[in-house]
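Asks: This is a predicted model, with the sequence first.
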Amino acid sequence: MTLEKLGWNKKFQKAFDGLSQNNCVPARLIRDNKITYGALFVDDTGDICEREVVMSGKVYHDARSDAELPAVGDWIALELADGDDGENMIRARLPRQACFSRKLPGKSAEEQVIAANVTVVVVVTDAGSDFNLRRMERYFTLIRRSGSKAVVLVNKSDLFSDAQNREAVDLIKGLGGDADVYITSAAENDGLEVLRKYLALGVSVTLVGSSGVGKSTLINQLLGEDFQWTSDVNGLTGKGRHTTTARELILLDDGGILIDNPGMREIQMWTDEQTLRESFSDVEELASQCQFHDCKHGDDRGCAIRVAVENGELEVGRYESYLKLEEEIAKLEKRQKKRRQLSERRAKRDHRVKARNLADRIDLGRDDDPDWR
């Protein structure tokens, strides 16, 4: 068994070789237990082993934010304990080659890592009560920033008509971008072959979506066993109760790696203006056709966006979504700037305090030294 089955590649090897951790082995985090982690590594016999590991103080203090701390999917330099009573220690986190994140819910300016080092992000939805194009636009923007491939599964097709399922697919494809969109029914094991084709050896795929859209059922079908407990579907809402409570990396026997996630109620932006404009390239193209470069896209003369909305060429909901996300990103950047300023002020204050303390110790030493009198 090789590290490649866990997603190892030449770039990770180069990063690992650059560390001064000669007594460590590469390992991948599969579970976050809040205080400890679960990690997989390959032992001397070539077998994949799992150990409970803890984070070293240096890794914790070197992180400038919670998002820089080790997360599920991360590769680490792991120092194995000599005996059964010792602790397996994370000595370093390797640089991420991809990272799917969102802003923490609320008014914070903090990043929350959903899955690290993922090749494909699969958004699971349905054609019924969960269907929301505006939320899908948010997903696509975050996936674009992560550097991962976007795939959408319109699941639970057995609960809706063929026409409704097909309409959902067409509307999602109409958002543009290069996402692959499929109709599936995990409950009836229908259409799962499209997901399996992305799960090649060493490829990491994460499943995201609202609670109750069938992510756990999809995983159970792929594994052929009840890995995730699933609950009955509510007849009124078409949703199941939340069945995944923590992120977990699952290694598949036939190749591929799955990262399951709890349902997400809020998809808040953690991206930049450039990524937003790339995700809404159709809106950007229209804006470039406006008569004046500082057009406010309202009642301005020669506004191409207003004309496109009036002619039905641009959906008003998509344009309003663009404006909302643009405002949300601007607020995030403002909070981040304020946070950086506060950090710089604290650093300068701490530096002054240290300087005064050093000066006081020097003066105290002079008072005690008769040669200074």
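Replies: Yes, it's here.
Asks: Contact partners for Lys11?
Replies: Gln97 (CB atoms under 8 Å, 6 or more residues apart in numbering). C-beta: built from backbone N, CA, C; applies to glycine.
Asks: Need the phi and psi values for it.
Replies: phi -70, psi -40 (degrees, to the nearest 10).
Asks: Quickly find the element holding the residue nearest to the spatial centre of the chain.
Replies: Relative to the mean C-alpha position of the chain, the nearest C-alpha, by CA atoms, centre = their mean, is the one of Phe100, at 2.3 Å. Element membership for Phe100, per DSSP states H and E: strand 99-103.
Asks: What is the next helix or strand after that strand packed up against?
Replies: Next helix or strand after strand 99-103 toward the C-terminus (DSSP H and E): strand 111-116. Where contact means 3 or more CB pairs under 8 Å, 6 or more residues apart in numbering; DSSP states H and E, strand 111-116 is packed against strand 99-103, strand 204-209.
Asks: Can you name the residues that contact the closest residue to the residue nearest to the centre of the chain other than its chain neighbours?
Replies: Spatially, and ignoring its direct neighbours in sequence, Phe100 is nearest to Ser146 (4.2 Å; CB to CB, 6 or more residues apart in numbering). Residues in contact with Ser146 (CB under 8 Å, 6+ apart) are 98-101, 118, 121.
Asks: returning to that earlier point: kindly reformat the helices and strands packed on strand 111-116 as TSV containing distance to Thr2.
Replies: Below are the helices and strands packed on strand 111-116 laid out as TSV (distance: least, CB to CB, whole Å):
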stretch	distance to Thr2
strand 99-103	24
strand 204-209	16
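Asks: I'd like a version of those in CSV, one that adds distance to Met89 and mean pLDDT as further columns.
Replies: What follows is the helices and strands packed on strand 111-116, written out as CSV (distance: least, CB to CB, whole Å; pLDDT from 0 to 100):
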stretch, distance to Met89, mean pLDDT
strand 99-103, 23, 83
strand 204-209, 24, 91
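Asks: Between the ones you listed, which one is closest to Ser129.
Replies: strand 204-209 (12.8 Å; CB to CB).
Asks: how about Val194, phi and psi?
Replies: Main-chain torsions, Val194, degrees, to the nearest 10: phi -70, psi -30.
Asks: neighbours of it, just the number please.
Replies: Each residue near Val194 was counted by other CB atoms under 10 Å, and the total is 15.
Asks: Who are the contact partners of it?
Replies: Counting by CB under 8 Å, 6+ apart, Val194 has contacts 153, 180, 182, 184.
Asks: Name only those of these that count as buried.
Replies: Burial by neighbour count, 16 or more other CB atoms under 10 Å: within those this picks out 153, 182, 184.
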